[in-house]
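Undergrad: fold the following.
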Amino acid sequence: MEKTPVSVQLIGKEKEHYLIKFPNLKIPVKVNHNLYTKMKHSKDYVFKEQNKKRFKNNSA
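TA: Modelled structure (predicted):
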């Protein structure tokens, strides 16, 4: 049985911790730089891009 990777999202950075949003969790998880680096290079996690809202400029 093959494992499917968990889709996570980097929310931001708070001092020396990274805030990562996991599916089915309401609050982000704080991880240090070492664990963040391991997660980024692991096949068990897939990082999604953060949705950046773009605002349309309606100036004349």
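Undergrad: I'd like to know how many residues surround Leu35.
TA: Neighbourhood size, Leu35 [other Cβ atoms under 10 Å]: 14. Where C-beta positions appear, they are placed from N, C-alpha and C, glycine not excepted.
Undergrad: can I get the strand ranked longest in the chain in PDB? Just the C-alpha atoms.
TA: For the chain, the strand with the greatest residue count under DSSP state E is strand 6-14. C-alpha atoms of strand 6-14 as PDB (Å, rounded to 0.1, in the frame of the first residue of the first chain):
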ATOM      1  CA  VAL A   6       0.100  15.200   2.900                       C
ATOM      2  CA  SER A   7      -0.700  18.600   1.300                       C
ATOM      3  CA  VAL A   8       0.400  21.400   3.600                       C
ATOM      4  CA  GLN A   9       0.700  25.100   3.300                       C
ATOM      5  CA  LEU A  10       3.300  27.600   4.600                       C
ATOM      6  CA  ILE A  11       1.300  30.300   6.300                       C
ATOM      7  CA  GLY A  12       4.100  32.500   7.500                       C
ATOM      8  CA  LYS A  13       7.000  32.900   9.900                       C
ATOM      9  CA  GLU A  14       6.900  33.900  13.500                       C
END
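Undergrad: surely Gln9 is in contact with Tyr45?
TA: No: using Cβ atoms under 8 Å, Gln9 is not in contact with Tyr45, being 10.4 Å away.
Undergrad: need the residues touching each of those two.
TA: Overlap of the contact sets of Gln9 and Tyr45 (by Cβ atoms under 8 Å, 6 or more residues apart in numbering) is empty.
Undergrad: the strands in this protein, which residues?
TA: Assigned by DSSP E, the strands in the chain fall at 6-14, 17-21, 29-31, 45-48.
Undergrad: point out the most buried one among those strands.
TA: Ranked by mean neighbour count, the strands of the chain are led by strand 17-21 with a mean of 18 (mean count of other Cβ atoms under 10 Å).
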